[in-house]
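J.: Here's my sequence, what's the structure:
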Amino acid sequence: MEATILTILALLFVAFVALGVYATVKVTKAAKRGVDRTLDQARRTVEDTTLRAKSFGQAGAAGELARLRLSLRTSMRATQEALQAGVGQDASLKESLDLFNRLSGHGLELDADLKRLEREPDRAWVAGQLPELTARTERITSSADALRRAARDRAVRFAEDDLSTLSAQIDVEAGALRHWADPEPAPGAATGTAGAEERGRAAGAGGRTAGTGAHGRTAGAGAGSEPSAITGPDPRLTSYPWEKSARPETTT
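T.: Numbers count the residues shown, from 1 in each chain. Next up, the predicted model:
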């Protein structure tokens, strides 16, 4: 039993050690990639600044070579960033990104040639190579610009379509919210309402009939008995205290 427990503890210890080593390696690689990326970005920034200074500060073949390198690097970097940012939202850009990777090979080759010519001592020969180098640079940058602009136009078109669909849905919902008319009653509720109205009309008719009957009976009773008229008393039958009583007449 104790041997089994020790074996389990040893296995757990080995597993934790392996996990720690794996995590350490992953963190180290991630840190190394971050450092390399930072160094590459710093190096590119320094090179771009140097090329920009040479293109404006130097004349002749040296200044033209710096201008070609700066134009090539700027176009290729912008296209790469645009495609890599859009491929996560639009899978169709994966093929465009593959084409750009092939184009990047030609761009790197041209940039290496331009960089070697910067150290070429024969400036006359370098000046003779400039037309061909300029044409190559324009072809590569034109292709990169076409890919970048097409990807941007595609993203704008998709955004406009999505906005149009969303606007139509919002219009429908707004119309439904403004529809405040009373809903139609259910069949059971309509039947109950109709029955209540019918019973109300019947009760009203019964009340009117009862009232009419009572009024008729009252009128009939009044018509059957003579109304008591106020008639004055017969003066011959009325005696007053100040009159003398009449004496009976005698025949003697």
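
J.: Excluding chain neighbours, what is closest to Gly63?
T.: The shortest distance from Gly63 to any residue other than its chain neighbours is 5.6 Å, reached at Ser55 (CB to CB, 6 or more residues apart in numbering). Where C-beta positions appear, they are placed from N, C-alpha and C, glycine not excepted.

J.: That neighbour: what's it in contact with?
T.: Counting by CB atoms under 8 Å, 6 or more residues apart in numbering, Ser55 touches Gly63, Ala66, Arg67, Leu70.

J.: Which helix or strand contains His179?
T.: Assessed by DSSP states H and E, His179 sits outside every helix and strand.

J.: Can you give me the distance of Glu64 to Lys54?
T.: 10 Å (CB to CB, to the nearest Å).

J.: next one: Ala62
T.: Taken as CB to CB, the span from Ala62 to Lys54 is 7 Å.

J.: and what of Ala150?
T.: Distance from Ala150 to Lys54, by CB to CB: 32 Å.

J.: Check Leu117 too.
T.: Leu117 is 13 Å from Lys54, by CB to CB.

J.: For the two, indicate the residue with more neighbours.
T.: Leu117 (21 against 18; other CB atoms under 10 Å).

J.: Now the more buried one: which helix or strand?
T.: Per DSSP H and E: helix 93-118 holds Leu117.

J.: same check, this time on Lys29
T.: Lys29 belongs to helix 2-57, assigned by DSSP H and E.

J.: Can you show me the helices along the stretch 101-250 of the chain?
T.: Using DSSP state H, counting those that start in this stretch, the helices assigned to the stretch 101-250 of the chain run over residues 123-177, 187-224.
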